[in-house]
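>>> structure for the following, please:
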Amino acid sequence: MIFVCVGSRDYQFDRLIKEIDKLGGIKEISDEVFAQIGGSDYIPSNIKYEKYLDSAVFSEYLNKSRIVITHGGTGVINNALKMGKQVIGVPRLAEHGEHIDNHQVQIIQAFEKKGYIRGVYQMADLLENINYFIDSNIVDNPYYIESKMADIIVGFINEHIT
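Residues are numbered from 1 along each chain as shown. Okay, the predicted model is just below:
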């Protein structure tokens, strides 16, 4: 399943929602898609969606998903990565009225530079990045593996020293 989330702020993210809806309408995405569309004005007709989700329902969709497509909010990106999800980050851009500035580009680039996520800066590149995860045999992302390292070390110490 692909979970698309654009945050709970009142900023619209119509560019992303329109592209996902278009891809769902022409059957380019083989996985089930659910979107949390937030303050977007565009209402999808080809995918399932809700404007806002309470935290429990949001967590359910995050748990069920294999791929998370999200804006450049650090909270969603971090939570998805900690859960071992494959993440595609699409920054909101000020020139489209999606935010007050373009700081999300920098956030996504920082995660992308580490190899934790794939960034999409042009909507024309979204399908290619979705298919990268659908077609690949990637099980875990590097962030997920690194975040588990401390648990592995503590477990080893507890097992062999106590």
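>>> give the buried residues for stretch 106-120.
By neighbour count on 16 or more other Cβ atoms under 10 Å, the buried set for stretch 106-120 is 107, 108, 109, 110, 111, 112, 116, 117, 118, 119, 120. (Each C-beta comes from the backbone N, C-alpha and C, glycine too.)
>>> can you tell me what sits against it?
For stretch 106-120, the external contacting residues (Cβ atoms under 8 Å, 6 or more residues apart in numbering) are 72-74, 77, 81, 86-91, 126, 129, 132-133, 141-143.
>>> ok, 10 Å please
Taking contacts as Cβ atoms under 10 Å, 6 or more residues apart in numbering, the residues outside stretch 106-120 that touch it are 16, 19, 67-74, 77-78, 80-81, 85-91, 104-105, 121, 125-130, 132-133, 141-144, 146.
>>> next step: those residues restricted to helices.
If you go by DSSP state H, those have 16, 19, 74, 77-78, 80-81, 104-105, 126-130, 132-133, 142-144, 146 in helices.
>>> before we move on, back to that, among the contacts of stretch 106-120, which ones are buried?
16, 19, 67-73, 77, 80-81, 85-91, 104-105, 126-127, 129-130, 133, 141, 143-144.
>>> who touches residue 3 in this structure?
The contact partners of residue 3, by Cβ under 10 Å, 6+ apart, come to 32-36, 58, 60-70, 76, 80, 85.
>>> got phi/psi on it?
Torsion angles at residue 3 (phi, psi; degrees, to the nearest 10) stand at phi -110, psi 120.
>>> which of the buried residues of stretch 106-120 fall in strands?
Counted as lying in strands by DSSP state E, out of the buried residues of stretch 106-120, are 118, 119.
>>> pull the most distant pair out of the buried residues of stretch 106-120.
Comparing every pair within the buried residues of stretch 106-120 by Cβ to Cβ identifies 110 and 120 as the most remote, at 15.2 Å.
>>> can you list the weak-confidence ranges in this protein?
137-158, 160-162 (pLDDT under 70).
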